[in-house]
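Student: got a predicted structure plus its sequence, pasted below:
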Amino acid sequence: MNSNANVKKILILAANPNQTKSLNLAEEVREIKEALQLSKYRDRFILEQEWAVRPRDIRRAILDFRPNIIHFCGHGAGSQGLCLDDEAGNLQFVTGEVLADLFKNFATQFECVLINACYSEVQADAIVQQRILT
């Protein structure tokens, strides 16, 4: 692992709750990992993954890993939010406002937030607005 300050840390947060249609998230993550490994700049990135994330896991993963780039893959439900499981395995939505409030605490750390989920424009807009206002 390169200890250079120019190394970018990427954190993939994956969620596919039982109540939602099955997604092949492992394939998506494998392709990202493979693309990074094949890149001539592969030593400039560290990739970490958190699977079956619950709302509380997002904050913990950010604090533990301190990523520059966040990549969420899973389901979105428009204004209801991103689809995650709660502690009991029930479907829980995380709204754009909740994400924006969390992410504003790390605004100087994050360079990019990617959301690969259907109907997630609302969450992306909320994150962008929070970043602009801070």
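Tutor: Yes, it's here.

Student: kindly list the single helix or strand of this protein that scores lowest on mean pLDDT.
Tutor: One helix or strand of the chain scores below all others by mean pLDDT, DSSP states H and E: helix 121-133, with a mean of 83.

Student: list the helices and strands that helix packs on?
Tutor: With contacts taken as 3 or more C-beta pairs under 8 Å, 6 or more residues apart in numbering; DSSP states H and E, helix 121-133 sits against helix 96-104, strand 112-116. Bear in mind the C-beta positions are built from the backbone N, C-alpha and C, glycine included.

Student: same thing but at 10 Å, please
Tutor: Under the contact criterion of 3 or more C-beta pairs under 10 Å, 6 or more residues apart in numbering; DSSP states H and E, helix 121-133 touches strand 75-76, helix 96-104, strand 112-116.

Student: just those: most buried one?
Tutor: Scoring those by mean neighbour count under mean count of other C-beta atoms under 10 Å gives strand 75-76 as the most buried, with a mean of 22.
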